[in-house]
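Peer 1: Okay, sequence plus prediction incoming.
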Amino acid sequence: MKKIFLLTLILGMFCGCGISEGGSELRIRIESGDSTIIYRLNDSSAARDLWNQLPIETEIENYGSNEKIFHPNRKLDTRNTNLAEPKIETLGYFEPWNNVVLYYGNFEKYPGLYSLGEIVSGFESIPKLHGKIKISRENLK
């Protein structure tokens, strides 16, 4: 029985699961007009720091042809946060410029670019985002 528990604990650490609060994974909702995008946060200090700053209302900006960015209220704590792997549906944090990044196109691994989570729904809406957005905690039922 102890071996099964230990194995379950170890697998849980490496499964890429999102962080949770009260047994539910942490998700954020990004809204602009009639567009809604949901991300599942990973288990990192930066993701938890973003979660703790919510809700945020700010401007979304285009950056290049593959990403949208916004600025959290303050810099995120990147201790215990992995660098982002090049995966299109990544929610990232570019520490040098204090940008949260919503990727919808290919990108390369870059120093200072950390992973916050991955998209759950609304991927097709990312390129259409513009103007004021609202970032809030997603309530799971």
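Peer 2: Thanks, I have the structure now.
Peer 1: Tell me which stretches of the chain form helices.
Peer 2: For the chain, the helices defined by DSSP state H cover 2-14, 45-53.
Peer 1: Now do Lys109, the pLDDT please.
Peer 2: Lys109 is assigned a pLDDT of 94 by the prediction.
Peer 1: Now it. Its backbone dihedrals?
Peer 2: phi -60, psi 140 (degrees, to the nearest 10).
Peer 1: ok, it to Leu83 distance?
Peer 2: Lys109 sits 6 Å away from Leu83, going by Cβ to Cβ, to the nearest Å. (Glycine included, C-beta is placed from N, CA and C.)
Peer 1: These two: who's more crowded?
Peer 2: Higher neighbour count among Lys109 and Leu83: Leu83, with 13 against 9, using other Cβ atoms under 10 Å.
Peer 1: Could you tell me which ranges of the chain sit under the pLDDT cut-off?
Peer 2: The model of the chain has pLDDT under 70 over residues 1-24, 140-141.
Peer 1: Okay, strands next: where are they in it?
Peer 2: Listed in chain order, the strands of the chain (DSSP state E) span 20-21, 24-25, 27-32, 35-41, 56-63, 67-70, 90-94, 99-103, 113-121, 131-137.
Peer 1: Ignoring the adjacent residues along the chain, who's closest to Phe123?
Peer 2: Distance criterion Cβ to Cβ, 6 or more residues apart in numbering; nearest residue to Phe123, sequence neighbours excluded, is Glu89 at 6.0 Å.
Peer 1: Let me see the contact set for that neighbour.
Peer 2: The contact partners of Glu89, by Cβ atoms under 8 Å, 6 or more residues apart in numbering, come to 103-104, 118-119, 123.
Peer 1: can we see that at 7 Å?
Peer 2: Listed by Cβ atoms under 7 Å, 6 or more residues apart in numbering, the contact set of Glu89 reads 103, 118-119, 123.
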